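K.L.:
Take this sequence and fold it.
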Amino acid sequence: TSSWSGLTCATPVCSSGCANGGACVAPNTCSCPSGWSGPTCSAAVCTTPCSNGGSCTGPNTCTCVSGWTGPTCTDFTCSQICLVGDCTGPNQCTCCCGWSGFSCNICNGRVRGCAIP
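P.N.:
Next up, the predicted model:
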């Protein structure tokens, strides 16, 4: 294949194309718009890196793994509801005295009545 095309052979050819609004500016050389990089402009750029296993999936857009949320995956969250306690880490409940279990739903017998609020 040729690196140039057009009637006067003045148009560069990028054999893999340029994604996300990138422009072919020289043979197999893309000029990428802000937020994209790589040989074909297909790699998203996050100016602040994604944390805790998150992935940069769009310009300044992180996709977080379970247990994490926020713009750069630095805020923890619980997928379960902490019934008698607080979410204190990614998918981790800290139960009130006398309660246990993944979602603080098991009474250990130290709380009179063991009624879940």
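K.L.:
Next, the buried residues of stretch 34-47.
P.N.:
If you call a residue buried by 16 or more other C-beta atoms under 10 Å, then stretch 34-47 has these buried ones: 35-37, 40-42, 44, 46. All C-beta atoms are positioned from the backbone trio N, CA, C, and that covers glycine.
K.L.:
which sections of the chain are below the confidence cut-off?
P.N.:
Counting by pLDDT under 70, the chain has low-confidence residues at 1, 110-117.
K.L.:
Torsion angles phi and psi at the residue nearest to the spatial centre of the chain?
P.N.:
Nearest to the geometric centre of the chain sits residue 63, at 1.6 Å (C-alpha atoms, centre = their mean). When read as degrees, to the nearest 10, the backbone of residue 63 gives phi -110, psi 120.
K.L.:
okay, the buried residues of stretch 34-47 in JSON lines with distance to residue 22 and secondary structure next?
P.N.:
Below are the buried residues of stretch 34-47 laid out as JSON lines (distance: C-beta to C-beta, whole Å; DSSP: H, G, I helix; E, B strand; the rest coil):
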{"residue": "35", "distance to residue 22": "11", "secondary structure": "coil"}
{"residue": "36", "distance to residue 22": "7", "secondary structure": "strand"}
{"residue": "37", "distance to residue 22": "10", "secondary structure": "strand"}
{"residue": "40", "distance to residue 22": "7", "secondary structure": "coil"}
{"residue": "41", "distance to residue 22": "3", "secondary structure": "coil"}
{"residue": "42", "distance to residue 22": "9", "secondary structure": "coil"}
{"residue": "44", "distance to residue 22": "13", "secondary structure": "strand"}
{"residue": "46", "distance to residue 22": "18", "secondary structure": "coil"}
